[in-house]
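1. below is the sequence, then the predicted model.
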Amino acid sequence: MQKTTFKISKMDCPSEEQLIRMKLDGLSNIKMLEFDIANRLLHVFHTNNNDAIFKQLDELKFDTALVSSVSVKDFKLVDNLANERKLLWQVLAINFFFFVLELLTGFVSNSMGLVADSLDMFADSIVYGLALFAVGGTVFLKKNIAKASGYFQLVLAVLGFTEVIRRFLGFGEIPNFQTMIYISILALIGNATCLYLLQKSKNKDAHMQASMIFTSNDVIVNFGVIVAGGLVYFTNSKLPDLVVGTLVFILVGIGAFKILKLSK
């Protein structure tokens, strides 16, 4: 048994951890993965050499480097599939709930920031949903679902950009800033809960510290929409909302391409 450690510089949130898990799913020589998000390290317990593992990680473009590879004698496989499924169902439910809530309130309040954030939550729902299939499903099924979800998310991002452009040209009303702020605060609480659950399930010391040091893109987006809501109030303009919406749609589009890469 070998323990190979990789430094993954762009791994700084639970969503990227799940992308890595899905990417490595299917390599039969991998026995267990240990993530240290705080230090951006991945420990892989495996047989044979690590060439195929490094190749898969490198394809994610997360700036992966090999740190060390040593033989281990005392290895105990941790069987926590039931707990992992329970955790993934919890974070999936939270993300999907706020996807629906933000999408509906975004259209009602004319806020593209909320609509865009809802699609970001949808992207996370896809990631966690696919991770559930990775726990017990087949690689073929997971990749087909990933491909369909990636294309669907990409279509949503394009439609969102189209609507933003339409509103930049003068169509659409000034969004309701109160709804933007209130719903984003609720979404922020939901994302914080997801981060807490994900970090609590790992090594408590390293990952509880990581939850205080690193924030996911979702949390940053939530703060962005809150700030945009305040600027809408002070400027009486829809421009801050459209700027935030544009930035979030870019993140959604990038996420869609990442998922499509996993389906190959």
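-> Cool, got the structure.
2. low-confidence ranges, this structure, go.
-> Across the chain, residues meeting the criterion (pLDDT under 70) sit at 14-15, 74-84, 127-128, 130-143, 145-146, 172, 198-217, 259, 262-264.
3. let's go with 50 and repeat that
-> Per-residue confidence of the chain (counting by pLDDT under 50) places the weak regions at 203-215.
4. what is the end-to-end distance of stretch 102-122?
-> 10 Å (C-alpha to C-alpha, to the nearest Å).
5. now that stretch: how far from the chain's centre is it?
-> Between the mean C-alpha location of stretch 102-122 and the chain-wide mean there is a distance of 17 Å, by C-alpha atoms, centre = their mean, to the nearest Å.
6. kindly report the same for stretch 48-64.
-> Centroid separation between stretch 48-64 and its chain, computed with C-alpha atoms, centre = their mean, is 20 Å.
7. what residues of it count as buried?
-> If you call a residue buried by 16 or more other C-beta atoms under 10 Å, then stretch 48-64 has these buried ones: 50, 53, 54, 56, 57, 60, 62, 64. For the C-beta atoms, the positions are set from N, CA and C on the backbone; glycine is no exception.
8. can I get these in TSV including secondary structure?
-> Below are these laid out as TSV (DSSP: H, G, I helix; E, B strand; the rest coil):
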residue	secondary structure
50	coil
53	helix
54	helix
56	helix
57	helix
60	coil
62	coil
64	strand
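9. immediately after the helix or strand encompassing residue 234, which helix or strand?
-> Residue 234 is part of helix 217-235, with elements assigned from DSSP states H and E. Of the helices and strands lying after helix 217-235 in sequence (DSSP H and E), the nearest is helix 239-262.
10. same for that next one, what does it pack against?
-> For helix 239-262, the packing partners by 3 or more C-beta pairs under 8 Å, 6 or more residues apart in numbering; DSSP states H and E come out as helix 14-24, helix 112-136, helix 139-168, helix 217-235.
11. and the angle for the third one with helix 239-262?
-> The one in question is helix 139-168. Between helix 139-168 and helix 239-262, the angle formed by their directions is 160 degrees, by axes from the mean of the first three to the mean of the last three C-alpha atoms, to 10 degrees.
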